[in-house]
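Q: Could you look at this predicted model? Sequence included:
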Amino acid sequence: MEQSQSTNPTTTTTTTTSSSSSSSIVVSYHTSPSPDVWGRIQADLHRQLPLKNLSWKPKNRQLRLISSLPISFQAFDSPNTDSSPSVYLLFVACDDHEAYKTIVKQEIRTWLDTVQANHSEWLIVHVSTAPKLNLSTTAGIFRSKTGLLDKLKADFNPQKIERCIQLSYMSTMDSIVQASMQDTSTQWSELISRLKQSLLLVFEFKINEMEESLRMIVSKRSRHGWDFQEFFIQKAQLANQFEIMNLFVDSLIQYDELDAAFSQSLSDCPQIWHDKVYGKNSSQYSRLALNNDVSEKYLEIVGAGQMTIFDLRIYVFSKQVNLLGRLNRLDEAMKRASIFISTFAAFLRSHQHIWPANYIESWVYCACNELVEWCEERIIPGSKDIATLDSLRCCAQLLELAHSQLDRIGIQAGHLPSIHPFNMSLSQSTTRDTPSGQLIESSSSTSVTSPTNSIEFLKDPETFEKVYLDLGRRTINLYQSTGRRRSALKLHCKTAGFEQIQSRLESAHRLYSHLPAHYVDDKWTTIESSLLDKCASLQKNLGLSREWLLSTLALVRSGVTYEAGKWSQDVMIKSPLTSSDDDDVNQLELPKDQSTLAIKLMNDIKDQSLKLEKDFAAIGFPIFSITLSSSIGRLSETVEGSIVEAKITNLLPCSIHVEAIRMKFLGRKSESLWFTAGTSELLSGQTTIDLFCPTPVNETLILDVSQIRISRILFQYYHRPQASTTTTANQNEKNLAGDQEGSLLEIVSFPKDLLGLDFKLSLSPDIRLGQIERNCVLSLFSGRRFLSKASVSIASSESDIIKFDLDHSSVCDEHFNNQIEIIHDSHNNKVTLEAIEPESTVFLTIPFSTSATESSVDVNISVDYRTSEDPSIKRCFRKPIKLKISVPIEVKIREIFRSNWMFAKFTLGTDRCSPLRIQGTELRLNDETGTTASASPLLSITSASPNSSSIVILPSQTSDFIFKVVPTNHSDSTNFSEIVDSSELNLIVKYRLIIDEIGECLRSKLMLKMDETEKKVIGFLIEQVKEIITKDDERFDSEFYSSYLFDKDHVLHSNLLLNKVDWNLVCERIEKDQVKKKDLVDRISTIIQDCSPVVCHPDVPWQTITLPFKLSKSVILTTITYERDEDLIGKVGKPIPIDLLISTSFKWLNLDLNPQPIHLVYEILNSSDQWLIGGKKRGKFIAQDNGIETVKMILVPLKPGYLNVPQVTIKLPELDNNRSISTTTTGDNNNNNHNHKKNSHHHEILIQSSYSNSFHPILVLPSITSSKFIVPPNLP
């Protein structure tokens, strides 16, 4: 496995700045015989640098790849001998053999003797200035038998090691340029390759030698008197060797091991370091060596026996950070820096007696700033990768540490008070023993000096203030850029505190005011409370009453501990250890216990809220919580109204006086009701209070909002999700119906007040159809109180479908009470009734118009009333009602006209799933149109069954009622259309629903069996039963009605009545007490299971429906006759001649609206299974009063038997665009033929046809022989 170490990685987010190092790889060079050769090759040689891609494979390590290695060249006779060369190069520029023998060879031997004495690697480079010869074309006499390179190798190259190489280099400038343009990799490859090998050999030799020496030193570690100084020097030199070769990882490992060994030495042998904490030369190395390398100088100090803990720690840490920086691991470097500064500062404080005043704080301050500057120089601006953000976070932490040193220095110098937050960085001993304004004095020698002049700005408060604020802003910006919001807030708090002690209250308030909100979500209540306390104090001093109120409210809220549900503000009761003189008075004013503190805060809230111009709502304030103590409400026993019981929890450790408590409830249709309580005392803990509503309630409500008023503060709480107004009503219905989401809501239910105000809305018992407006009846029960005034208003969510005309409403005559006054208020669309006696019912008839197609409409009725007992209170009773607007009877009408009379047939049925009983029907003339001037009726009406008993119509059945209508005082020439025009008929149907009869039977049964105290619930029970039974409008329960309808004793089906009605649910509406409810249910079940016969009460009211009806006034009567012999007997296949006679009458036709002539069309219907028809099957003729049209035809019977004659239809013609005859209606196939026609020439005409002898069939005998004949074509 290979390991690569590179100083120039291809992908990086930081830039590496190599520290200037005095220790580097040095290569010595020398020239012979002339020094000019170095000047010629120097430029090209430097172009090959730095060396690339070196591979070092030691025996005990993995392969190391050195991507780049810089080297420096040093002349052989150079006076600078700080670093010994690793490789020696000798450049020999000689091509003359004689000169070599006489001069150069001796110089080489002298150079070689010197080099070999240093035990270094060496290379002899022959620089040939002669051009290369082409050996294939050059004559033999011009070729050298033995070249100079060969002589060099023979004289100086040892066996197995190649130390002599050749570098071809021309002498002229053109040749140099030409050579430089050649392939340099080929020209210099041998020299560069041999140079790499030599450097690696020297490096490996040194490493092996140093490691062996270290092994020897470590082996003696357990012996007494082991010399750590020698170990340190060897280890540092080994690390430096790795660093010189750009093996930074290996060098870092050595420094880490050196650091660990030093820590172990401190632990194992503390006596040897007892007097070596600080030295006389330490001051010049007290700062971190991050931008320069002092290794050589420091090792000299160590070698001289002057090593100290202070110097060693700084040196090792500086080297570690420098190496991490060159490895582009800035995040790790800064993390190590944070740990080192903290631990080393703690070490310095453990020897605090030897340092001068503020030396430790000054050193930490300088070191943090130096590290941050070093890191920021290596960070690419705008980089947002994880490593960079981690580095910047560490920089921010270091700057914060430096800022805390200013706190310590400022407190000791008297610029800052020793209070929170400035004293957070002080140790207890420093805080306790050092008075403010007095610097710490040292007991050590004065030879120890501060590393910087940071103490100087202590003398000038303005300079201190500038440095303090600038460093704070710099740290805040760095924290914010790295997402450390909370850390930035801590610096904001310090800045605000500094502004406050500088008496810049507006600036301090501006900084403090936005800080508490940041700690609310995280529930850091202690910090939040401390900040709010400071805000409230500043706002009080600045006269900001509203802001002071808000801060005090927030301060009270922050005292709630979310886990335990208690209130505590220990941060405001516990005084700090030390405080400034300015705060002494405030500390004396602080309450000494939680109860006193809570009372003080609440009094401040009351006093400040009085200055508000309007009420202020505190939503969801946690010090109070309000819930329903019981889910069952009750009616007030003394006054008209309802009561709910609320449980209020007060978390404050004191009782609170409140002005009012209110709770808002919502009904099924989002109608709201407020329950209130006056002045109350809320004890600490839980308090139960009754809230009153002047309106009696008999439904289930949802708690929506609750309020607690203290002065002008409304503590408001929402108890249900806030939905949009368009969906609130539907959602309330789901919740009250037991929806899953509704189980999370607070619901209160009230029992039905059977003796309280109530009302019902239904259609009028006398329904008159055919009018634009219909009537409904509102029955208003006054209840137990005398109503001095009751205003009724009716509205519907579908106002465009139904409208109520309250301006024309009236009290029903049969129920009219002279004492009741009715007042119409058309402006507010109300009607007001005055002076209604207790326990009385007023029936109010209200006209309404509707275009609804549904059977019922939702209506909201509101009654605003005042009682005589308390006329000052206006009460409101609201209830949604489903008004059934469809009539329970369907009517179909059929008219049958004859020459002097007509039949009116009415088919009655029910459009609901509930059967009904018809007492009788009556058809009579309208009183306004049915008489002549002599008061005699124009029409005589006779019923087909005048004395019939009542009948029951089931949903699957119909019943026919027939009336004969005869014009009076008529002659043969009388036209009846004038009588029809002036006459209007009314069909009156008297009926009642079977469910009403069953309800009355059940009422009678319950009245006989129940006690007097229980009889008040019977009316409500009957209404509930009727509503439940008729709720399913799409299914008729025949089993339920069968026992009552078809049993002569009218027995109620007890099992079905018990199963279909949930008596527990019904009784729960009138009795919330579970025990009493169970007794009532058991009592009702016992009564219903009694199968004794029941008799329907004879006074069950009947209802009527009046249907206006007008006879058709344009009717043409036609009579169809087949003229033939009475004794005619036909045979199959034998033609039978026959005449078709069509007679017409205009007695029922209005001739003024239909001028003559009137054309009619007859058509003989095809009957191919019985007859072949010969003649004109379809034709047109002019109709005349009492006229006869004759059509001759031939019928050929096709089968034997009694065959009916073909049927005929009579129609009115219609001319299409092609001027041919067409018809729009078809005739009836029975004896009555109805045809209608309406166009521009005629008024609407009804044609009725009858047959005179269609029920006399023709006898046809079978034929013995077959017959053949030609049937003429059927021409139009």
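A: Structure received.

Q: from here on, contacts and neighbour counts on C-alpha atoms
A: Will do.

Q: okay, now Phe1146: neighbour count?
A: Phe1146: 23 surrounding residues under other Cα atoms under 10 Å.

Q: what's near enough to touch it?
A: Residues near Phe1146 by Cα atoms under 8 Å, 6 or more residues apart in numbering: Asn975, Val1115, Ile1116, Leu1117, Gln1184, Asp1185, Asn1186.

Q: how about 6 Å then?
A: Residues counted as contacts of Phe1146 (Cα atoms under 6 Å, 6 or more residues apart in numbering) are Ile1116, Asp1185.

Q: Can you identify the element that follows the helix or strand Trp38 falls within toward the C-terminus?
A: According to DSSP states H and E, Trp38 maps onto helix 36-47. Later in the chain than helix 36-47, the nearest helix or strand by DSSP H and E is strand 51-56.

Q: contact partners of that following strand?
A: Outside strand 51-56, the residues that touch it by Cα under 6 Å, 6+ apart are Leu63, Arg64, Leu65, Ile66, Ser67, Ser68, Leu69.

Q: in the next helix or strand along the chain from it, what's buried?
A: Per DSSP H and E, strand 51-56 leads on to strand 63-69 as the next helix or strand towards the C-terminus. Residues Arg64, Leu65, Ile66, Ser67, Ser68, Leu69 are the ones in strand 63-69 that count as buried (16 or more other Cα atoms under 10 Å).

Q: Any regions of the stretch 301-450 of the chain where pLDDT drops low?
A: Along the stretch 301-450 of the chain, segments meeting pLDDT under 70 span 301-306, 427-450.

Q: 80 - rerun?
A: Applying pLDDT under 80 to the stretch 301-450 of the chain flags the ranges 301-311, 352-358, 382, 425-450.

Q: So which residues of it form helices?
A: Secondary structure of the stretch 301-450 of the chain by DSSP state H, counting those that start in this stretch: the helices cover 309-326, 330-350, 359-377, 386-413, 428-433.

Q: Can you give me the buried ones in the third one?
A: Buried positions in helix 359-377, judged by neighbour count with 16+ other Cα under 10 Å: 359-372, 374-375.

Q: That helix packs against which elements?
A: When contacts are defined as 3 or more Cα pairs under 6 Å, 6 or more residues apart in numbering; DSSP states H and E, helix 359-377 sits against helix 386-413.

Q: relative to helix 330-350, how tilted is the helix it packs on?
A: With axes from the mean of the first three to the mean of the last three Cα atoms, to 10 degrees applied, the angle from helix 386-413 to helix 330-350 works out at 20 degrees.

Q: From the contact counts, what lies against helix 386-413?
A: Secondary-structure packing of helix 386-413 (3+ Cα pairs under 6 Å, 6+ apart): helix 330-350, helix 359-377, helix 461-481.

Q: can you list those in a markdown table and add distance to Ala904?
A: Formatted as a markdown table, these follow (distance: least, Cα to Cα, whole Å):
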| stretch | distance to Ala904 |
| --- | --- |
| helix 330-350 | 106 |
| helix 359-377 | 109 |
| helix 461-481 | 95 |
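
Q: For Leu601, which of the ones you listed is the nearest?
A: Closest approach to Leu601 among those (Cα to Cα): helix 461-481, 33.3 Å.

Q: Check which helices and strands the helix or strand hosting Leu238 sits against.
A: Assigned by DSSP H and E, Leu238 belongs to helix 228-244. For helix 228-244, the elements it packs on are helix 248-268, judged by 3+ Cα pairs under 6 Å, 6+ apart.

Q: now the helix it packs on against helix 309-326, angle please.
A: Using the same axes, to 10 degrees, one finds that helix 248-268 and helix 309-326 are set 160 degrees apart in direction.

Q: same for helix 248-268, what does it pack against?
A: Using 3+ Cα pairs under 6 Å, 6+ apart, the elements in contact with helix 248-268 are helix 228-244.

Q: at 10 Å instead, please
A: On a contact count with 3 or more Cα pairs under 10 Å, 6 or more residues apart in numbering; DSSP states H and E, helix 248-268 meets strand 2-5, helix 228-244, helix 309-326.

Q: Redo the ones you listed as CSV? Include distance to Ala345 and mean neighbour count.
A: Shown next, in CSV, are those (distance: least, Cα to Cα, whole Å; neighbours: other Cα atoms under 10 Å):
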stretch, distance to Ala345, mean neighbour count
strand 2-5, 34, 15
helix 228-244, 23, 20
helix 309-326, 11, 22
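
Q: Show me the one of these that comes nearest Asp36.
A: That would be helix 228-244 among those, by Cα to Cα, at 30.6 Å.

Q: which stretches of the stretch 1051-1200 of the chain aren't confidently modelled?
A: The stretch 1051-1200 of the chain contains residues with pLDDT under 80 at 1051-1057, 1059-1060, 1069, 1072-1073, 1090-1099, 1112-1113, 1126-1127, 1150-1156, 1168.

Q: hang on, isn't Arg634 packed against Thr700?
A: No: in this structure, Arg634 is not within contact of Thr700 by Cα atoms under 10 Å, at 11.7 Å.

Q: how does the chain divide up, domain by domain?
A: Domain ranges of the chain: 2-212, 503-613, 617-749, 758-880, 887-1111, 1115-1261, per automatic domain parsing.

Q: Same list (the helices and strands packed on helix 248-268) but as TSV, adding distance to Val989.
A: What follows is the helices and strands packed on helix 248-268, written out as TSV (distance: least, Cα to Cα, whole Å):
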stretch	distance to Val989
strand 2-5	110
helix 228-244	118
helix 309-326	107
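
Q: Indicate which one of the ones you listed is closest to Asp607.
A: Smallest distance to Asp607 across the helices and strands packed on helix 248-268 (Cα to Cα): 61.1 Å, for helix 309-326.

Q: how much does that closest one deviate in direction from helix 359-377?
A: Interaxial angle, helix 309-326 versus helix 359-377 (the same axes, to 10 degrees): 10 degrees.

Q: Do me a favour and get the end-to-end distance for stretch 1029-1044?
A: 14 Å (Cα to Cα, to the nearest Å).

Q: Distance check, Asp1090 against Ile1029.
A: Separation of Asp1090 from Ile1029 (Cα to Cα): 20 Å.

Q: More neighbours: which of those two?
A: Ranked by neighbour count (other Cα under 10 Å), Asp1090 and Ile1029 place Ile1029 first, with 18 against 12.

Q: any chance of the domains of the chain in TSV, plus distance to Leu469?
A: Formatted as TSV, the domains of the chain follow (distance: least, Cα to Cα, whole Å):
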stretch	distance to Leu469
domain 2-212	29
domain 503-613	13
domain 617-749	37
domain 758-880	66
domain 887-1111	71
domain 1115-1261	102
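
Q: Any regions of the stretch 151-300 of the chain where pLDDT drops low?
A: Residue ranges of the stretch 151-300 of the chain with pLDDT under 80: 158-161, 168-187, 221-227, 266-300.

Q: Spell out, range by range, the helices that occur in it.
A: Applying DSSP H, counting those that start in this stretch to the stretch 151-300 of the chain gives helices spanning 173-180, 184-219, 228-244, 248-268, 295-303.

Q: List the buried residues of the longest one.
A: Meaning helix 184-219. Neighbour count says helix 184-219 has 187-188, 191-192, 194-204, 207, 210, 214, 217 buried, by 16+ other Cα under 10 Å.

Q: how far does the helix holding Leu238 sit from the chain's center?
A: Using Cα atoms, centre = their mean, to the nearest Å, the mean C-alpha position of helix 228-244 is found 64 Å from that of the whole chain.

Q: Using CSV, write down the CA coordinates of it.
A: C-alpha atoms of helix 228-244 as CSV (Å, rounded to 0.1, in the frame of the first residue of the first chain):
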residue,chain,number,x,y,z
PHE,A,228,14.6,13.7,28.5
GLN,A,229,16.6,16.5,27.0
GLU,A,230,18.6,14.2,24.7
PHE,A,231,15.4,12.4,23.8
PHE,A,232,13.7,15.6,22.9
ILE,A,233,16.6,16.8,20.7
GLN,A,234,16.7,13.5,18.8
LYS,A,235,13.0,13.4,18.3
ALA,A,236,12.8,17.0,17.1
GLN,A,237,15.7,16.4,14.7
LEU,A,238,13.9,13.3,13.3
ALA,A,239,10.7,15.3,12.9
ASN,A,240,12.7,18.1,11.1
GLN,A,241,14.2,15.6,8.7
PHE,A,242,10.7,14.4,7.7
GLU,A,243,9.6,18.0,7.4
ILE,A,244,12.6,18.9,5.2
